[in-house]
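# what follows is a predicted structure for the sequence shown.
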Amino acid sequence: MKYDHVGIPTTEERDWSAYLEDGKVHITDAAKDPFGVEWLKFDADSPMPAELKDRTHVAFFVDDLNAAIEGQKILIPPFKPFPDLTCAFIMHGSVPIELMQKG
């Protein structure tokens, strides 16, 4: 597992790098932020879970996403926000954790 970024919900306007239509969420590119922050702004009718809308999350790359989420409390099952990335969200106590796998 390798740390990648921290995701912080906001209501402020930013330089959005992508809009994930299924989740109705605008995101910035954490790789372009000097502190590795991914800002997220959710549309009012976003179907994303409240835990993700209201709390900061931490993201990690894993080699095997299915193995990494096995036995975990799944917040959002695996999905492909981009063609080269598969993600899932789990809950670690009261904190959302994003697990990502390239490909």
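Looks like it came in fine.

# just the buried residues of the helix or strand containing Leu40, please?
Using DSSP states H and E, Leu40 maps to strand 37-42. Under the neighbour-count criterion of 16 or more other C-beta atoms under 10 Å, strand 37-42 has Val37, Glu38, Trp39, Leu40, Lys41, Phe42 buried. The C-beta positions use only the backbone N, C-alpha and C, and glycine is treated the same way.

# and the helices in the chain?
50-54, 65-69 (DSSP state H).

# out of the ones you listed, which is closest to Ile8?
Nearest to Ile8 among these is helix 50-54 (11.0 Å), distances taken as C-beta to C-beta.

# and the contacts of that closest one?
Pro9, Leu40, Phe42, Ser46, Leu75, Ile76, Phe89, Met91, Ser94, Pro96 (C-beta atoms under 8 Å, 6 or more residues apart in numbering).

# so what's the fourth one closest to, chain neighbours aside?
Put plainly, it is Ser46. In this structure, Ser46 finds its nearest non-sequential neighbour in Lys24, 3.9 Å apart by C-beta to C-beta, 6 or more residues apart in numbering.

# residue contacts, Tyr80?
Small correction: residue 80 is Lys, not Tyr. Thr86, Cys87.
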